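K.L.:
build me a structure from this.
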Amino acid sequence: MVRYHSNRHARIVYKSDRPSEEFDLDPEGVERLKNVAFMKTAKEREGHEVKEVQVYLPLPLLQVIHLMLK
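P.N.:
Numbers count the residues shown, from 1 in each chain. I've put the predicted structure just below:
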């Protein structure tokens, strides 16, 4: 899911009661996001705990959509 926000960051939502994690999308955060969102092996894809990955970006198009949905 990609949404508008004034700061570039991501949130990982887990299937279990484990709390969500948020982090900035600096170079380290982008690498972390790639590891979670683009699992390489079938074993990784089957056994993961991730329910949803949310990415927030300061893009004008997303801001317009965000305002339209309010």
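K.L.:
quickly find the element holding residue 11.
P.N.:
strand 9-14 (DSSP states H and E).
K.L.:
which intervals of this structure have sub-threshold pLDDT?
P.N.:
Within the chain, the segments meeting pLDDT under 70 span 66-67, 70.
K.L.:
and the helices in it, which stretches?
P.N.:
Listed in chain order, the helices of the chain (DSSP state H) span 27-37, 42-47, 60-69.
K.L.:
give me the helices and strands touching the longest one, please.
P.N.:
I take that to be helix 27-37. Judged by 3 or more Cβ pairs under 8 Å, 6 or more residues apart in numbering; DSSP states H and E, helix 27-37 is in contact with strand 9-14, strand 50-57. In this view, the C-beta of every residue, glycine as well, is placed from N, C-alpha and C.
K.L.:
residue 5 - nearest residue in space that isn't next to it in sequence?
P.N.:
residue 56 (3.5 Å; Cβ to Cβ, 6 or more residues apart in numbering).
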